[in-house]
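Trainee: missing the sequence, but the structure's below:
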């Protein structure tokens, strides 16, 4: 039942004994989730849904492999019943108040996507927008930022990389495997570095300093550097999130 509920939540549609319906009212979508033999309905609006999905993933985590299935027990589950009690824990419902959703939180939900490439593309563009403070100042006019500009650019890139990973794991289910984290990380750094070097090339073109071979070399080296950085940062994230350090039974 837990596996079926997980699939229903992730796919946002009914799955066997789990019924998931959605209605659109005043430009907002409302979800109604019920399980077989349980008359209680869990109602969530479109802002609450990804929050609940993150809550469910965190508190009802599961480790499924081809040969073994282990579920982490939760107080909300009654071991003497098939019912998972998805709406019996009042804390789940009262903790998600639409009126208390902050504007920043709502913005992050809107720009996030379950598709990893689309999700990361959006956050890389947001990062690129903020990086304009460094890119334009460092390449237009007589201002030279030097090491300060380099450190600032790396700090901003790492900040939005963290937000990229954090929001995906918060809003959507994720196994936190090394490859899964690496995909989000590599997509991000590759896209940010690609966009940044292309912008610098365009600036050099209008300033009469453009060299096509040098620009292509920078783009290539940037992608190599992005992959190397991704391997390193993914390893750190993987172990921090409990990849090989924490084992729950």
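Mentor: Structure's in. What do you need? As the structure is a computational prediction, the values presented were derived from the model and not from experiment.

Trainee: Once you drop chain neighbours, what's closest to residue 111?
Mentor: In this structure, residue 111 finds its nearest non-sequential neighbour in residue 122, 4.8 Å apart by C-beta to C-beta, 6 or more residues apart in numbering. Placement of C-beta: from N, CA and C, glycine included.

Trainee: Which secondary structure element is home to that neighbour?
Mentor: Residue 122 belongs to helix 116-139 when assigned by DSSP states H and E.

Trainee: which residues are contacting that helix?
Mentor: 111-113, 143-145, 149, 152-153, 156-157, 160-161, 163-164, 167-168, 183-184, 187-188, 191-192, 195-196, 199-200, 203-204 (C-beta atoms under 8 Å, 6 or more residues apart in numbering).

Trainee: helix or strand for residue 108, which one?
Mentor: Assigned by DSSP H and E, residue 108 belongs to helix 103-111.

Trainee: ok, back up a step: any buried residues in the helix holding residue 122, and which?
Mentor: Buried residues in helix 116-139, counted by 16 or more other C-beta atoms under 10 Å: 116, 119-124, 126-128, 131, 134-135, 138-139.

Trainee: any idea of the mean pLDDT for that helix?
Mentor: The average pLDDT for helix 116-139 rounds to 87.

Trainee: Just the angle for the following helix or strand past it relative to helix 116-139, thanks.
Mentor: Counting by DSSP H and E, the next helix or strand C-terminal to helix 116-139 is helix 146-171. Using axes from the mean of the first three to the mean of the last three C-alpha atoms, to 10 degrees, the direction of helix 146-171 lies 160 degrees away from that of helix 116-139.

Trainee: can you map out the strands along the protein?
Mentor: Assigned by DSSP state E, the chain shows strands spanning 18-25, 28-35, 38-45, 62-64, 69-71.

Trainee: Low-confidence ranges, the protein, go.
Mentor: Low-confidence segments of the chain, defined by pLDDT under 70: 25-27, 60-102, 138-139, 141-146, 241-249.

Trainee: hmm, what's the outermost residue in it?
Mentor: Distance from the C-alpha centroid of the chain, by C-alpha atoms, centre = their mean, peaks at residue 208 (40.0 Å).

Trainee: who's in contact with the residue sitting nearest the centre point of the chain?
Mentor: When the chain is reduced to its mean C-alpha position, the closest residue under C-alpha atoms, centre = their mean turns out to be residue 168, at 1.5 Å. Applying C-beta under 8 Å, 6+ apart to residue 168 gives the contacts 112, 116, 119, 174, 184.

Trainee: Also residue 18?
Mentor: 1, 4, 5, 7, 8, 33, 34, 35, 36.

Trainee: try it again with 10 Å
Mentor: Residues in contact with residue 18 (C-beta atoms under 10 Å, 6 or more residues apart in numbering) are 1, 4-9, 33-36, 38, 84, 86.

Trainee: just checking, which of those belong to helices?
Mentor: 4, 5, 6, 7, 8, 9 (DSSP state H).

Trainee: which among those end up buried?
Mentor: For the ones in helices among the contacts of residue 18, buried by 16+ other C-beta under 10 Å: 4, 5, 6, 8, 9.

Trainee: thinking again about what came up before, which secondary structure elements does the helix holding residue 108 sit against?
Mentor: Counting contacts by 3 or more C-beta pairs under 10 Å, 6 or more residues apart in numbering; DSSP states H and E, helix 103-111 packs against helix 48-59, helix 116-139, helix 146-171.

Trainee: what comes up buried for that helix?
Mentor: By neighbour count with 16+ other C-beta under 10 Å, helix 103-111 contains the buried residues 108, 109.

Trainee: What of stretch 159-167?
Mentor: 160, 161, 164, 165, 167.

Trainee: again, but for stretch 22-31
Mentor: Within stretch 22-31, the residues that qualify as buried by neighbour count (16+ other C-beta under 10 Å) are 30, 31.

Trainee: Residues in contact with it: which ones?
Mentor: Residues outside stretch 22-31 that contact it (C-beta under 10 Å, 6+ apart) are 9, 12-13, 20-21, 32-33, 42-49, 52, 98.
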